[in-house]
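Novice: kindly return the folded structure for what I paste below:
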Amino acid sequence: MFNSLSQHQQQFFNKTRQRIYFRDQGRKLTWANQSFLADIGVETSAQPFGTTLNEIVLEDAVADILAEVEDATYESRDSQTRTQLRCSIGSSSVAVSVECNPVHSEDGTFEGIVGHYSIEDVCNYLGYEKILIDSLMKNTQDFIYFKDRTSKFTRVSDSMIQRLGAKDMEGLIGKSDFDFWDFDCAQGFFEDEQKIIATREPMYGRCEEEVRSDGISTWAISSKMPLFDEEGNVIGTFGISKDITDLKQTELKLEETHKQLIEASRQAGMAEIATNVIHNVGNVLNSINVSIAMGRDLIRNQNVVNLRKAAQLLEENVDTSGFLLNDPKGKVLPGFIKLSAETLENTQQKLLDEFDNLRKHLDHIKTVISMQQEYAGAKHILEHLNIASLVEDAIQIGEGTLQRSGVKVIKQYKQDIEADVEKHKVLQILINLIRNAKHACEDTNDRRQKEITITIDTPAEDFFTIEISDNGVGINPKHLTSIFNHGFTTKDKGKGFGLHSSANTAKEMGGSLIATSAGLGSGASFVLTLPVKPKERKHYEPTQSISDSVADEQLPAEVTAAIQSATTSDDAPATPLAQMQ
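Specialist: Residues are numbered from 1 along each chain as shown. From the prediction side, this is the model:
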């Protein structure tokens, strides 16, 4: 085993202060370097070869350590290490470190061990450790301290001296926290340290407010630990802390800023809800005004004066039996009364219809306000409805304004489509889109018949679409990606909220709203896509940016493809679905 060492290796081994030796399977010494030979008092390397550990002269304490480590290596055939074991050689206290490793042949056969150990004078060893600890205590920016069992300082870092305002180390030794900190603060430190001494358990990462006796407050993160002697007795405590006052002040400022942002967000949310209510209620109020105006015109145009005259004639001739038969005025009176009755009946029915519309308008207003009140609670009330009937309700709400503007509504429905929807939210979107289409038709100079085409379809099994197209002024291609942004409008008196709100609402219901147009003068189409049976979803905040609000992340690929195919052509750009995500 030793023969495998080269001459250079042997020279190196002989010059190191480490004691190095080899033993065979029988635990007999086969080679040792000069340091090992000097320990056993042998001058020539040949004398001890073939001897066991028990047969050589070695200090008993060192021999016992070597024997324990060698035995463990022979038994386990694994490396064994022991470091800084304290023992005495004569009057000197030393620290012994030992390592033994198994040696195997090329075919893996165990051949013995190679061991090496070092012996250091404890005083020299501790002198080096003192240099290390002094350097640390002098240069660290953290605050390090050692205390006895009564929580009085025994050693501190230079940074701790400066922190406590002492002149030097002597100004701290023997003093306690009560000499530097506010009483309540010092009492807390004292109780922590006494608990550590009693339980022998450390405290790590404590964030503490430190209040000096002059009232100045700072913050630190501290770790405090028990201090043991060589026999395991608790002789005090030691700790290290780092000043985090700046960090804590920043944290407090961030917390205050966070509160302010929450308040600002709450106010912004209230403002948006108010805007939403005003906008959507305003649409319905416009229809209410039209219904009221129509009712007023119907009443004003009634021939009430002539009916009063007929009643007067009857009253004047009530005693003349031949008046209705012979008098020219009397002869026409029954026919006039009959015609008046029919007119009144017709007017009555029209007024009843208008009042029914008014009731629906007011019901929608109530629902719009109720929806906004429930928005924060994320309540989603689904109704199973026929989609064609829902679209008809939206048309009827704006029917009066459509008629007065001369706009014809063309309906292309799949009548059998039914879905679970939030009725008034969908109505809100449809009213906005129909109203916008009407305005687009009114703003065009084209003499053609003004038309709005409403198409209901199912491009995929799980989704349905409602497309509202017009032949109005169209949309400038550069505006297609902006029309859903909050505040964007091309109208002189527009608020830029209707499409933004509609897109948000569509997204909140798990669908999307997209726009297409071939350009100015070519009309526009808006396609609302919604699921037939909405999935359970998290609450959607309506104040999100439009880049999120019109995204259709829940739509399958076939739906997106069908919408794009149905609403775009080579010369009709669309608001890209991918761009909206």
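Novice: ok, residues contacting stretch 382-396?
Specialist: 357, 360, 402, 409, 411, 413-415, 417-423, 426-427, 430-431, 434, 454, 456, 464, 466, 534 (Cβ atoms under 8 Å, 6 or more residues apart in numbering). In short, each C-beta sits where N, CA and C put it, glycine included.
Novice: list the buried residues in that stretch.
Specialist: Residues of stretch 382-396 classed as buried by neighbour count (16 or more other Cβ atoms under 10 Å): 385, 387-388, 390-391, 393-396.
Novice: just stretch 31-44 next, same as before
Specialist: Of the residues in stretch 31-44, those buried by neighbour count under the rule 16+ other Cβ under 10 Å are 31-37, 39-40, 42.
Novice: tell me where the stretch 201-350 of the chain is predicted with low confidence.
Specialist: Applying pLDDT under 70 to the stretch 201-350 of the chain flags the ranges 262-291, 293-326, 329-334, 336, 338, 340-341, 348.
Novice: all strands of it, in order?
Specialist: With DSSP state E, counting those that start in this stretch applied, the stretch 201-350 of the chain shows strands at 203-211, 217-228, 234-243, listed in chain order.
Novice: closest to Asp443 among the buried residues of stretch 382-396?
Specialist: Proximity of the buried residues of stretch 382-396 to Asp443, judged by Cβ to Cβ, is greatest for Ile395, which lies at 20.3 Å.
Novice: is it fair to say that closest one lies in a helix?
Specialist: Yes: when DSSP: H, G, I helix; E, B strand; the rest coil is applied, Ile395 is found to be in a helix.
Novice: now for the nearest residue to Asn432 once chain neighbours are set aside, how many residues are close by?
Specialist: Once its chain neighbours are removed from consideration, Asn432 has its nearest residue in Gly498; the separation is 4.3 Å (Cβ to Cβ, 6 or more residues apart in numbering). Using other Cβ atoms under 10 Å, Gly498 has 22 other residues around it.
Novice: you'd agree Gly498 is up against Leu430?
Specialist: No: at 11.5 Å, Gly498 and Leu430 do not qualify as touching, with contact defined as Cβ atoms under 8 Å.
Novice: sorry, back to before: can you say which of the strands of the stretch 201-350 of the chain is nearest to Val62?
Specialist: If you check each of these against Val62 by Cβ to Cβ, strand 217-228 wins as the nearest, at 26.2 Å.
Novice: show me what counts as buried in that closest one.
Specialist: Of the residues in strand 217-228, those with enough neighbours to count as buried (16+ other Cβ under 10 Å) are 218-222, 224, 226-227.
Novice: show me which of these is closest to Pro328.
Specialist: Proximity of those to Pro328 (Cβ to Cβ) peaks at Trp219, which lies at 108.5 Å.
Novice: wait, the closest one touches Cys185, no?
Specialist: No: between Trp219 and Cys185 no contact is recorded; they are 11.8 Å apart, counting by Cβ under 8 Å.
Novice: any common contacting residues for these two?
Specialist: Contact criterion Cβ under 8 Å, 6+ apart; residues shared by Trp219 and Cys185: 209-210.
Novice: how about the strands of the stretch 451-581 of the chain, start to end?
Specialist: 463-470, 512-516, 524-531.
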